[in-house]
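1. Return atomic coordinates for the entry below.
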Amino acid sequence: MAENSPANGAASTGVAEASAQLNLQKIYVKDVSFEVPNAPQVFQSQGQPNVELNLSQRVNQLAEGVFEVVLSVTVTCKIEEGTAYLAEVHQAGIFGVAGFDAAAQETVLATYCPNVLFPYVRQTVSDLVQAGGFPPLFLQPINFDAIYAEQVRRRNEAPVGAGQTLNS
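-> Numbering: from 1, shown residues only. Alright, predicted model coming up:
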């Protein structure tokens with residue numbers, strides 16, 4: 001019966017591990033847009049495509065310990081001076097986050113959550129581009145930890161009182 005006794009240290013270890021909890025409650029597409037403004041002429045273009053990627057993140061608190069994280073990706077492809085296509089995806093997830101101190105909670109919401117959402121964004125963008133008549137676009141992995149570390153570094157170097165945002 002020694003394994004059931006709190007005296008063996010198991011109970012205190014379990015309490016420490018159970019104090020911080022993170023769970024994924026739902027993943028969903030919040031908004032999708034795809035445009036080919038110069039169709040069908042764009043399919044005749046012979047120029048080299050130039051692809052631009054813009055990434056941002058928004059966190060909304062829904063309830064105590066429950067957050068919606070929205071990862072937004074906008075991909076613009078231009079050939080010569082004309083826009084070939086514009087794809088925009090807002091991928092969202094609802095995450096339960098409890099038992100973290102404020103700094104750790106901010107880090108989880110800024111790094112772990114977008115890492116969970118990114119594969120869904122990547123697949124949706126690829127599917128949209130291919131369905132639009134273009135070769136598939138495979139977004140490269142993004143290091144959200146490095147992006148967040150850079151934001152923290154900039155925030156710490158900013159003059160006192162300067163306005164700051166946490167967009168990726």
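2. So what's the model's average confidence on the top helix by length along the chain?
-> What stands out as the longest helix in the chain, according to DSSP state H, is helix 113-131. Helix 113-131 shows a mean pLDDT of 97.
3. helix or strand right after it?
-> helix 144-157 (DSSP states H and E).
4. and the gap between the residue most central in space within the chain and residue 121?
-> The chain has residue 114 as the residue nearest its centroid, 2.9 Å off, counting by Cα atoms, centre = their mean. Residue 114 sits 9 Å away from residue 121, going by Cβ to Cβ, to the nearest Å. Every residue, glycine included, has its C-beta placed from N, CA and C.
5. Overlap in contacts, those two.
-> Contact criterion Cβ atoms under 8 Å, 6 or more residues apart in numbering; residues shared by residue 114 and residue 121: residue 71.
6. for this structure, which strand is longest?
-> As assigned by DSSP state E, the longest strand anywhere in the chain is strand 82-98.
7. hmm, back to that, just the buried positions in the longest helix of the chain, please.
-> Using 16 or more other Cβ atoms under 10 Å as the test for burial, helix 113-131 gives 113-114, 116-118, 120-122, 124-129.
8. can you check stretch 96-106 too?
-> Buried, per 16+ other Cβ under 10 Å, within stretch 96-106: 97, 100, 105-106.
9. Identify, from those, the entry nearest to residue 45.
-> Of all these, residue 45 sits closest to residue 106, with 44.4 Å by Cβ to Cβ.
10. you'd agree the closest one is in a helix?
-> Yes: in this structure, residue 106 lies within a helix as judged by DSSP: H, G, I helix; E, B strand; the rest coil.
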